[in-house]
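Q: fold the stuff below for me.
(one chain, ligands or ions: 1)
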Amino acid sequence: MNGAILVLSGPSGAGKSSLIKKVEDKIGAFYFSISTTTRPIREGEIDGVHYHFVNQEEFKQDIKDEHFLEYALVHGNYYGTSIKPVKQALKKGEIVIFDIDVQGHDAVQNRLGDITTSVFITTPSLKELKHRLSSRGTDTQDVIDARIEMATREVQRISEYDYLVINDDLDIAATQLVSIAQASRLKLPSMEISEFIYAWEADA
Ligand code: 5GP
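A: Residues are numbered from 1 along each chain as shown. Next up, the predicted model:
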């Protein structure tokens with residue numbers, strides 16, 4: 001069985017984490033890619049579970065050592081996806097789920113577009129996003145403003161994604177995401193399509 005990549009992007013506050021939690025027992029074997037970041041740890045987050053939290057120096061060393069499949073500067077902090085665990089998960093036939101921004105999506109499409117399915121997840125409106133970010137109570141107003149500014153830029157790039165999920169009703173959005181994840185497993189790299197046709201014709 002082949003592995004597949006499922007990229008999830010969308011504004012912070014759109015509910016990506018809640019959605020992932022909701023679908024995780026319904027999509028078969030998967031590996032959630034734990035990114036490395038230089039951003040300060042938030043209350044309730046655990047190092048090695050939500051992110052690998054490192055300082056700038058360590059992050060820059062990882063860049064030099066070419067440990068990242070992609071990395072980007074988001075809200076003034078570095079975020080990166082390590083290559084090694086992704087390769088291992090793909091080999092095992094798992095769906096590798098990335099929660100990365102539009103820059104990360106661009107890089108993954110360029111390097112592994114053949115096996116990548118992408119989903120942009122957002123709130124029904126900017127007003128709802130503002131409401132969710134303020135009521136989350138984890139960020140200062142400056143951070144919230146930066147996230148809103150970034151969100152308005154990111155939504156301009158929705159057309160670069162395969163699917164759009166509007167997270168209004170969590171149950172409906174989760175059902176949609178399960179369908180997309182299942183379909184992502186059936187996406188074949190072009191090389192394997194040729195192999196399949198060859199084998200199909202050979203068995204005449
Ligand atoms: P947060 O600080 O809210 O956890 O994440 C901020 C943004 O960084 C989100 O849009 C998230 O998708 C993005 N992000 C998290 N990890 C990565 C990564 O490894 N690479 C890239 N390009 N973006 C990431």
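
Q: in this protein, what residue lies closest to the ligand?
A: Going by CB to the nearest ligand atom, the ligand is nearest to Gly104 of the chain, at 2.5 Å. All C-beta atoms are positioned from the backbone trio N, CA, C, and that covers glycine.

Q: pLDDT score assigned to that residue?
A: Gly104 carries a pLDDT value of 96.

Q: which bits of the chain sit near the ligand?
A: By CB under 6 Å from any ligand atom, the residues of the chain that approach the ligand are 9, 12, 35, 39, 70, 72, 74, 79-81, 99-101, 103-104.

Q: contacts for stretch 136-151, please.
A: Contacting residues not belonging to stretch 136-151 are listed as 11-13, 42-44, 74-76, 122, 126, 129-130, 133-134 [CB atoms under 8 Å, 6 or more residues apart in numbering].

Q: and the contacts of the worst-scoring helix or strand of the chain on mean pLDDT?
A: Using mean pLDDT, DSSP states H and E, the weakest-scoring helix or strand in the chain turns out to be helix 190-202, at a mean of 84. Helix 190-202 is contacted from outside by Asn2, Asp114, Leu188, using CB under 8 Å, 6+ apart.

Q: in the protein, what spans have low per-residue confidence?
A: 1, 191 (pLDDT under 70).

Q: which helix runs longest in it?
A: helix 170-185 (DSSP state H).

Q: show me which positions of it end up buried.
A: For helix 170-185, a neighbour-count test (16 or more other CB atoms under 10 Å) marks Ala173, Ala174, Gln176, Leu177, Ile180, Ala181, Ser184, Arg185 as buried.
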